[in-house]
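Participant: Sequence isn't available, so here's the structure alone:
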């Protein structure tokens, strides 16, 4: 049986492209071996086990369920938009322009801004 040094000396006698192929094959096999040992170790200790089925379960909060009159209309909305109550959006959005050179009057006039395209 040959020793590892005899095998290395035998490979030194081969052409460059053969040595390169042997080197990359050995490096790939070593990488796969280390990856398999890591994966088997993590799976056997249940490090990848999912504790809860949702994000709320993992942080210890209850699931939010929308019911009532808004339930039918909110079912088509996504995420936080469905959770916003209707009372929050009672004022119309507006843009207020204040000229820094003039004095600001005590009465603010709210006007709706239209930007034509």
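Facilitator: Right, received. Where do you want to start? Everything numeric in this text was worked out from a predicted model, so none of it was measured.
Participant: same for the biggest helix by length in the chain, what does it pack against?
Facilitator: For the chain, the helix with the greatest residue count under DSSP state H is helix 16-44. Counting contacts by 3 or more C-beta pairs under 8 Å, 6 or more residues apart in numbering; DSSP states H and E, helix 16-44 packs against helix 4-12. The C-beta positions use only the backbone N, C-alpha and C, and glycine is treated the same way.
Participant: now the angle from the helix it packs on to helix 16-44?
Facilitator: On the basis of axes from the mean of the first three to the mean of the last three C-alpha atoms, to 10 degrees, helix 4-12 is oriented at 130 degrees to helix 16-44.
Participant: what does the average pLDDT come to for helix 4-12?
Facilitator: In this model, helix 4-12 carries a mean pLDDT of 90.
Participant: packing partners for it?
Facilitator: Going by 3+ C-beta pairs under 8 Å, 6+ apart, helix 4-12 lies up against helix 16-44.
Participant: Report the mean per-residue pLDDT for the helix it packs on.
Facilitator: Mean predicted confidence for helix 16-44 is 95.
Participant: Kindly report the same for stretch 93-107.
Facilitator: 65.
Participant: let's number from 691 now, not from 1
Facilitator: In the new numbering, first residue 691, that becomes stretch 783-797.
Participant: so how far is residue 788 from residue 802?
Facilitator: Using C-beta to C-beta, to the nearest Å, residue 802 is found at 17 Å from residue 788.
Participant: Equivalent analysis for residue 736, please.
Facilitator: 61 Å.
Participant: how many other residues sit next to residue 712?
Facilitator: Residue 712 is flanked by 13 other residues according to other C-beta atoms under 10 Å.
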